[in-house]
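Asks: A structural model of the following input is requested.
(2 chains)
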Amino acid sequence: IAGITQAPTSQILAAGRRMTLRCTQDMRHNAMYWYRQDLGLGLRLIHYSNTAGTTGKGEVPDGYSVSRANTDDFPLTLASAVPSQTSVYFCASSESSNQPQHFGDGTRLSIL
Amino acid sequence: GQNIDQPTEMTATEGAIVQINCTYQTSGFNGLFWYQQHAGEAPTFLSYNVLDGLEEKGRFSSFLSRSKGYSYLLLKELQMKDSASYLCAVLDSGYALNFGKGTSLLVTP
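Replies: Residues are numbered from 1 along each chain as shown, chains lettered A, B, ... in the order given. Here you go, the predicted structure:
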């Protein structure tokens, strides 16, 4: 079944540790996105990529990095996790930036 | 900056009609999306408006007025499974999707 896959589903992480959240899509979508969703704040864009080889900063990029080496994969890295990065992280993709975005099932990340 | 407002919570009765409003002030406009999100799940796409007017898709309709910075999502013949959060999102001039905080809809018997 075509779609977008995130891993892990959930993770508990000690502060200061490095963590990479994985995201893979098989729809050959050009654009991919990472959001965090926090209670009372809604979905906020962390980083995006309009096409393989390019990335851009969203609303809340600090403390996160991304790469887009190919069309399918868009990993999100927390270089040194802090408790304020406790959140639900959603990866999404779309054919282009003005098309509907399709979301993965999310990663629930707790930083202690 | 971006400002997207929608009611925090709404309650409606099974079988009824409910209208969820969204007002926005953003840096440019390239379309407005509505998403549905059930608790603990991913958002799923419902509708897209880029021109003024009403878009109908089954029990769901979405309306846009660009001059007023206003949209609404209309849900007809409400079912219990429609209990969810409804997210209004605006695509700005840089093609970034800006989400409102969502409206939590509770459908009661």
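Asks: got a list of what A:Thr5 touches?
Replies: A:22-25, A:104 (Cβ atoms under 8 Å, 6 or more residues apart in numbering or on different chains). For glycine as for every other residue, the C-beta is placed from the backbone atoms N, C-alpha and C.
Asks: show me which of those neighbour chain B.
Replies: Subset of the contacts of A:Thr5 in contact with chain B: A:Gly104, counting by Cβ under 8 Å from any Cβ of the partner chain.
Asks: would you write a PyMOL line that selects the buried entries of the contacts of A:Thr5?
Replies: Restricted to buried positions by 16 or more other Cβ atoms under 10 Å in any protein chain shown, the PyMOL selection for the contacts of A:Thr5 reads:
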select buried, chain A and resi 23+24+25+104
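Asks: give the bridge partners for A:Ile111, please.
Replies: Listed by DSSP bridges, the beta-bridge partners for A:Ile111 are A:Leu13.
Asks: that one reaches A:Ser80, doesn't it?
Replies: No - counting by Cβ atoms under 8 Å, A:Ile111 stays clear of A:Ser80, with 10.2 Å between them.
Asks: so which of those two has more stuff around it?
Replies: A:Ile111 (19 against 11; other Cβ atoms under 10 Å in any protein chain shown).
Asks: what pLDDT is listed against the more buried one?
Replies: pLDDT for A:Ile111: 97.
Asks: got the CA coordinates for stretch A:79-91 in CSV?
Replies: Below are the C-alpha coordinates for stretch A:79-91, written out as CSV (Å, rounded to 0.1, in the frame of the first residue of the first chain):
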residue,chain,number,x,y,z
ALA,A,79,21.6,16.8,17.5
SER,A,80,21.3,17.1,21.3
ALA,A,81,17.8,16.6,22.6
VAL,A,82,16.2,18.9,25.1
PRO,A,83,13.0,18.4,27.1
SER,A,84,11.2,21.1,25.2
GLN,A,85,11.5,18.9,22.1
THR,A,86,9.0,16.5,23.7
SER,A,87,6.2,16.4,21.1
VAL,A,88,4.5,14.4,18.4
TYR,A,89,6.4,14.6,15.1
PHE,A,90,4.6,14.2,11.8
CYS,A,91,6.2,13.8,8.4
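Asks: can you pull the contacts of A:Thr71?
Replies: Contacts of A:Thr71 were listed using Cβ under 8 Å, 6+ apart, and they are A:28-30, A:52.
Asks: from A:Lys57, how far out is it?
Replies: Plainly put, A:Thr71 is 21 Å away from A:Lys57 if you go by Cβ to Cβ, to the nearest Å.
Asks: next one: B:Cys88
Replies: Distance from B:Cys88 to A:Lys57, by Cβ to Cβ: 23 Å.
Asks: who has more neighbours out of those two?
Replies: Each of B:Cys88 and A:Lys57 has its neighbours counted (other Cβ under 10 Å); B:Cys88 has more, 27 against 13.
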